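Asks: here is my input, please return the structure:
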Amino acid sequence: QVQLVESGGGLVQAGGSLRLSCAASGRTFSRNGMGWFRQAPGEEREFVAGISASGGITYYADSVKGRFTISRDNTKNTVYLQMNSLKPEDTAVYYCAARSSSYSYTRVENYDYWGQGTQVTVSS
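Replies: Next comes the predicted model:
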């Protein structure tokens, strides 16, 4: 069992930065690939970024590539999402998720545990 708690969301102007954190409980964190997803009102939940269990491999949606960076600290059971050059279209609830699947990082159904989400609002 893994419990995930996100933090770091808020209101920021376009061009600004935020860093999201996701604290995980459970002894298996270092064996779980992790992902960040987001969901805007009326939209489906979409993949943002993923990171392998060791942190050595990362994946990004095209829409955030070059602006967002995912990282993890297995000694702190925490995964991060550094978001730079934010745009109004980045506005959404951001969710952290943990997986044990070996399939694609980009699909919602390949994740076993989810946090409650944190709101990110980017004003123009």
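Asks: in the sheet, who's paired with Val79?
Replies: Beta-bridge partners recorded for Val79 (DSSP bridges): Cys22, Arg72.
Asks: Gly42 versus that one, what's the distance?
Replies: 27 Å (C-beta to C-beta, to the nearest Å). Every C-beta, even on glycine, is put in place using the N, C-alpha and C of the backbone.
Asks: the two: who's more crowded?
Replies: Using other C-beta atoms under 10 Å as the criterion, Val79 and Gly42 rank with Val79 on top: 30 against 5.
Asks: Thr69 reaches Gln82, doesn't it?
Replies: Yes. Thr69 lies in contact with Gln82 (C-beta atoms under 8 Å); the separation is 4.4 Å.
Asks: what number of residues lie near Ala24?
Replies: Ala24 sits with 23 neighbouring residues when counted by other C-beta under 10 Å.
Asks: check which residues of the helix or strand where it lies are buried.
Replies: If you go by DSSP states H and E, Ala24 is part of strand 18-25. Under the neighbour-count criterion of 16 or more other C-beta atoms under 10 Å, strand 18-25 has 18, 20-24 buried.
Asks: quick one: residues contacting Leu11.
Replies: Contacts for Leu11 (C-beta atoms under 8 Å, 6 or more residues apart in numbering) come out as 121-123.
Asks: rerun at 10 Å
Replies: 18, 91, 119-123 (C-beta atoms under 10 Å, 6 or more residues apart in numbering).
Asks: can I assume it sits in a strand?
Replies: Yes. Membership of Leu11 in a strand is supported by DSSP: H, G, I helix; E, B strand; the rest coil.
Asks: and it, how close does it get to Glu43?
Replies: Note on Leu11: its distance to Glu43, by C-beta to C-beta, is 19 Å.
Asks: hmm, back to that, any idea which of the buried residues of strand 18-25 is the one closest to Ala49?
Replies: Among the buried residues of strand 18-25, Leu20 lies closest to Ala49 (C-beta to C-beta), at 10.2 Å.
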